[in-house]
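**Student:** Provide a 3D model corresponding to the input given below.
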Amino acid sequence: FRSFEDIYTAVNQDDVWSAAKNVGTPLNSGVHDATVGLNPDGSSIIVYRTQRDLVSGDLYESRMHAHEWQLPVQMTPMINSPNHEPSASIAPGVDEIYFTSDRPGGFGGRDLYRIRRLPSGEWSLPLNLGPNINTDQDEDFPFMAPDGKSFYFCSKGHNSMGGYDVFKSTYDKGLDVFGAPVNMDFAVNTPDDDLLYLTDPEGKEACFASGRDSKQGTVHVYRVSTAQAPVNITVLKGTFASQFNADDRKAHITVQDALTQENVADVATDMNGNYVLSLPRSGKYRFMVAAGPTGKTHVGVVDVPRND
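**Tutor:** Sure thing, here's the model as predicted:
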């Protein structure tokens, strides 16, 4: 038996979400199906659907007609290619589409691109968004907010805290230029993957997915107010090194609040032994580091001073 990724819907009534309901066909099929973009007016949805090999896949668009989703149609070859295009979003005005691709000619890994509808009705050639947005690491999940200038995306590059972080760039339509990306900080980002940041039409709230407090390989959906509020948090960056084997840089670090016994951080080092974790306040924390060929756990207590 094998389970497949499907698309679900839930209704928010009086700030209470209903139970998630599988939307069924035609959006869901016998392979993996995922929602990766929605037209700002709700009239169409972008679906990523794998091929039968469950490895390669393409982007499809389904339109709403008579309150029902129609059969998804494969999107333009200006987006889909023999390479990997896992996400896309339709910009306000519906004449621009932003998408992700690892096609040759980019800056490395996955890059973000844009196509525009030409006066003829055809789509333009893809335009790489350039080095202000793209890095030699992966970028994904582009989203132009309804205001037409707040551009959100996820990146493993720039000044990411670890994995994918959410970034915001301000777009100047007159100059057709994207400003320097700004990390959305600890209200949104963690050392885990933080993905697919989408704002509401008024720009007052946003939803995103995150691997924080989730089982490995899974994510939860969160809602956050976009109003700025001061955040007091302690960030620790370090490098694990073994005194027994200098080449061994792999470790799994769990941090527990010594007062409440609550686990507050759970991270793994990267290939170079680097790690980043955040702690909610000052105080004593128990660090449990599992490393070495036997996975033996080493325990130590760290006293984090107040940051006034």
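
**Student:** going forward, measure contacts and count neighbours with C-alpha atoms only.
**Tutor:** Will do.

**Student:** these two touch, right, residue 272 and residue 249?
**Tutor:** Yes: assessed by CA atoms under 8 Å, residue 272 is found in contact with residue 249 at 5.9 Å.

**Student:** Mind checking which of those two has more residues around it?
**Tutor:** Applying other CA atoms under 10 Å to residue 272 and residue 249 shows that residue 249 carries more neighbours, namely 18 against 13.

**Student:** Now name the helix or strand holding the more buried one.
**Tutor:** For residue 249, there is no host helix or strand (DSSP states H and E).

**Student:** Skipping its backbone neighbours, what lies nearest it in space?
**Tutor:** Leaving aside its chain neighbours, residue 249 sits nearest to residue 273 (4.4 Å; criterion: CA to CA, 6 or more residues apart in numbering).

**Student:** for the protein, which spans come out with low pLDDT?
**Tutor:** Flagging of the chain using pLDDT under 70 yields the residue ranges 1-2, 228-233, 307-308.

**Student:** center of it - which residue?
**Tutor:** Nearest to the geometric centre of the chain sits residue 195, at 1.6 Å (CA atoms, centre = their mean).

**Student:** in the sheet, who's paired with that one?
**Tutor:** residue 209 (DSSP bridges).

**Student:** so how far is residue 86 from it?
**Tutor:** Distance of residue 195 to residue 86, given as CA to CA, to the nearest Å: 13 Å.

**Student:** next one: residue 26
**Tutor:** Distance of residue 26 to residue 86, computed by CA to CA: 19 Å.

**Student:** So which of the two has more stuff around it?
**Tutor:** Neighbours of residue 26 and residue 86, each counted by other CA under 10 Å, are more numerous for residue 86; the result is 23 against 12.

**Student:** just checking, the more buried one touches residue 98?
**Tutor:** No: contact criterion CA under 8 Å: residue 86 and residue 98 do not qualify, at 11.5 Å.

**Student:** between those two, what contacts are shared?
**Tutor:** Shared contacts of residue 86 and residue 98 (CA atoms under 8 Å, 6 or more residues apart in numbering): none.

**Student:** Give me the buried stretch members for stretch 284-298, please.
**Tutor:** Applying a neighbour-count criterion of 16 or more other CA atoms under 10 Å, the buried positions in stretch 284-298 are 285, 286, 287, 288, 289, 290, 291.

**Student:** Among these, which ones are in helices?
**Tutor:** With DSSP state H as the criterion, helices contain none of the buried residues of stretch 284-298.

**Student:** Let's have those residues in CSV, adding distance to residue 176.
**Tutor:** Below are those laid out as CSV (distance: CA to CA, whole Å):
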residue, distance to residue 176
285, 48
286, 50
287, 48
288, 49
289, 48
290, 49
291, 49
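
**Student:** and these, which of them are in strands?
**Tutor:** Of the positions in those, 285, 286, 287, 288, 289, 290, 291 sit in strands, assigned by DSSP state E.

**Student:** Among those, which one sits closest to residue 306?
**Tutor:** residue 285 (13.2 Å; CA to CA).

**Student:** quick one: contacts for the closest one?
**Tutor:** Counted by CA under 8 Å, 6+ apart, residue 285 has contacts 255, 256, 257, 258, 259, 301, 302, 303, 304.

**Student:** Check whether the first one really touches residue 287, as I assumed.
**Tutor:** Think residue 255. Yes: between residue 255 and residue 287 there is a contact at 4.7 Å, judged by CA under 8 Å.

**Student:** what's around residue 118, how many residues?
**Tutor:** 12.

**Student:** What sits closest to it if chain neighbours are left out?
**Tutor:** Once flanking residues are discounted, residue 118 sits nearest to residue 124: 6.2 Å by CA to CA, 6+ apart.

**Student:** phi, psi of residue 282?
**Tutor:** Main-chain torsions, residue 282, degrees, to the nearest 10: phi -80, psi 170.

**Student:** Number of residues surrounding it?
**Tutor:** A count of nearby residues for residue 282, using other CA under 10 Å, gives 15.

**Student:** close enough to count as contact, it and residue 302?
**Tutor:** No: the criterion here is CA under 8 Å, and residue 282 misses it with residue 302 at 10.2 Å.

**Student:** And the strands in the stretch 101-250 of the chain?
**Tutor:** 111-116, 127-128, 139-144, 150-155, 165-172, 177-178, 182-183, 194-199, 205-210, 220-225, 234-239 (DSSP state E, counting those that start in this stretch).
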